[in-house]
Structure formats: C-alpha cells, structure tokens
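*Asks:* Here's a sequence, model it:
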Amino acid sequence: MSDRNPTSKEYGNASYDEEMFRTMSHAAARHTTLDECWDLVKKAFSSEMEAYIFYNKYARDKGFSVRRKKVRRAKRSGALLFRHFLCSREGQRDAKWLDKDVCGRRPRALTLWECQAKLEIKLDQARGVWYVQKNLDEHNHRLDTQDEVPFLWSHRKMKDFQKTEIMAMEGVGIRKHVIMDVLQYRYGGYGEVGIIRKDAYNFSSRYKRSRIADGDAMAVLGLMQSRQKDDPDFYYDYQMDGDEHLKTMFWCDSQSRMDYQSFGDVVIFDSTYRMNRYKMPFVPFVGMNHHRSTTVFGCGQWRSQGASQAGADSR
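*Replies:* Prediction:
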C-alpha cells in the first residue's frame, strides 16, 4: 500500500505535487507583479507626455489600452499639476443604450467593464518632475494577447512616412482596402502596420477636406475640368453668385448620359441629402436599368430651384 500523494506524478526520477506546483507558480507570479508595481511607483518623469508614453508602453506589454481622464491645473497659471491615466475599459455604458426599445440599431458588444486599473501622476513643483502618486494594476477583464494589442486604440498610431505612402498610393488611384493590403505585405503582417483600415479611411477623408478647404469651389471646378479631359463626353455646368461663391452645379459622365438615353423614361431625384458645412443639397438623378438595378444619370448641388435648368440642359 503506497502512502504517496495521489496528486503527485513522476517523470523519470523526479516527482512533484501538482497543488504545490500551482501554489509556487502563483506565489512567483505575485512576486513578479509586486516587483513590477514597485518599479513603476519609483519612476519619475520630466513631463506629462513622457509619463503617458511610458504607461502606454507598459500597457502594451501587459495587454490593455490607456486613455487620459482627470486633470488638475493651477488656478492662476493654468499649468498642469495632476493627471489621471485609466484602462480603456473603465466606466460603464449608459443603461439607455442597453434597452432595445430605445436603441433601434443592433446593440454593440460591451467594451466598458468598470475596470479600476489606473495610474495617477503629480507634479513636484519644487523639483519640476512628475512622480507616481498612485498605481492600481488590477484588471477585472481578460487582458489581450500580443497578437490583439496592435488593434487597441492607444496603440494605433499612424506614422508620418505611412501618411506619405497612403497619399502617394491614393494619388494614383489605389483603393483604401488595397492600400492596407500593400502595407500589410510590406511590414510583414496586419498587426505590424500599426493602424486598421478605418484609420486609413479617416486619414484620407481628413486629407481631402484639408485640400478642398483652401480652394472650395475652384478645387471642385478643377476636378471637373480634369475629368472632362479624360472623358470628352463628361458634362458639367455651374453658376456663381455675386460674391463669386458656387451657387449651382450639375455633372454627369459619358456612361450616365448613355444610360439616360436607354433608361431615362423614368427619372427619380432626391434632394434630402445635405452637406453639413455648405448647406447645399446633394441631388442624385437615378433610374432603373433592364436588370432592375439602380443607375445614376447625373448629380447636382444647388441653393435655389433656378439651378434645375442646368440639369435640363444636360439632356
């Protein structure tokens, strides 16, 4: 009759107890966590930004994302004296957005779990350095793996050379999803790019708006002229008001004109689309082809009904 612990196992000449092994592993993990926490508390930073970069790198290694929240400033000078960094899963979603009767669209997955992990830093005004006032490193959610971390918000940063690459590829007509495939192949994986597809779309949209902001109508007219050079049957017409502001515009390409000749028995237009900035309704003229698919005959923008003549002239 053996008196050996039933949970112990033997491998070669060595035996170990599973329960003892787990206890030792947990103790070692706690000891490592305490060492990391102590090393973080002893840190001092020359600026608030340096502290954020350090904590964000720490979060990347651990598997979570960081966001800024509470600040405290000097009353007279307005200088920053206190900063509060949080885990991105801190807080909770408003209860009304969990009610299907109030929220008409499909509910999204919960991303806030009231996580209490945080880092508080304070400025030592005498020495001019920032020090850690409080650190709490206990998460109530699963930490992301290293394969998932590059897609977290605080770890997605578009570098200047990536912006240049995106602008260059888009300038020659490459679509955004293809641009992301090129970047993924160039950097050796989707996680190595540092951004997601949505970031590329947002950057492209901001870049286009910044280019048009200083040209407005002239930039649009220049685009129309370039389209007409590439497509001789491309048609556009416009009107300017007394202040040299674009008042009305209509355009259609050669394919749209041919579609109108074939399927223009019924024309539908909808003026409910509105640009927030210029307050000019965008009006597409559409119909239905022989496959019962929507086809576009032309598009227009105007501020008065008198611009409808531009659409009639294009016929």
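*Asks:* In terms of pLDDT, where does the residue lying closest to H177 once chain neighbours are set aside sit?
*Replies:* Nearest non-adjacent residue to H177, counting by CB to CB, 6 or more residues apart in numbering: R197, 6.4 Å away. In short, each C-beta sits where N, CA and C put it, glycine included. pLDDT, the model's per-residue confidence, is 85 for R197.
*Asks:* and R197, how many neighbours?
*Replies:* Here the neighbour count serves as a burial measure; for R197 (other CB atoms under 10 Å) it reads 15.
*Asks:* do the same with the one 5 residues further on
*Replies:* Residues contacting N202 under the criterion other CB under 10 Å number 13.
*Asks:* Can you give me the distance of it to R156?
*Replies:* Distance, N202 to R156, by CB to CB, to the nearest Å: 11 Å.
*Asks:* the strands in this protein, which residues?
*Replies:* 8-11, 14-17, 44-45, 66-73, 80-87, 118-124, 129-136, 235-240, 246-252, 268-269, 273-274, 281-288, 294-302 (DSSP state E).
*Asks:* Now the second one: average pLDDT?
*Replies:* Yep, that's strand 14-17 we're talking about. Taken as a whole, strand 14-17 carries a mean pLDDT of 48.
*Asks:* got it, and the third one?
*Replies:* The predicted model gives strand 44-45 an average pLDDT of 84.
*Asks:* And the fourth one, by the same measure?
*Replies:* The predicted model assigns strand 66-73 a mean pLDDT of 86.
*Asks:* next one: the fifth one
*Replies:* What strand 80-87 shows for mean pLDDT is 88.
*Asks:* So what are the sheet partners of that strand and their directions?
*Replies:* When pairing is defined by DSSP bridges, strand 80-87 lines up against strand 66-73 (antiparallel), strand 118-124 (antiparallel).
*Asks:* distance between stretch 58-72 and the chain's centre?
*Replies:* Using CA atoms, centre = their mean, to the nearest Å, the mean C-alpha position of stretch 58-72 is found 17 Å from that of the whole chain.
*Asks:* scratch that, stretch 136-143 is what I was asking about
*Replies:* A distance of 24 Å separates the C-alpha centroid of stretch 136-143 from that of its chain, computed with CA atoms, centre = their mean.
*Asks:* Quote the end-to-end distance of that stretch.
*Replies:* Separation of the first and last residues of stretch 136-143 by CA to CA, to the nearest Å is 15 Å.
*Asks:* ditto for stretch 155-174
*Replies:* End-to-end distance (CA to CA), stretch 155-174: 26 Å.
*Asks:* Stretch 82-93 too?
*Replies:* Across its full length, stretch 82-93 reaches 26 Å between end residues, using CA to CA.
*Asks:* Over to stretch 221-238?
*Replies:* Rule used - CA to CA; the end-to-end distance of stretch 221-238 is 9 Å.
*Asks:* Many thanks, we can stop here.
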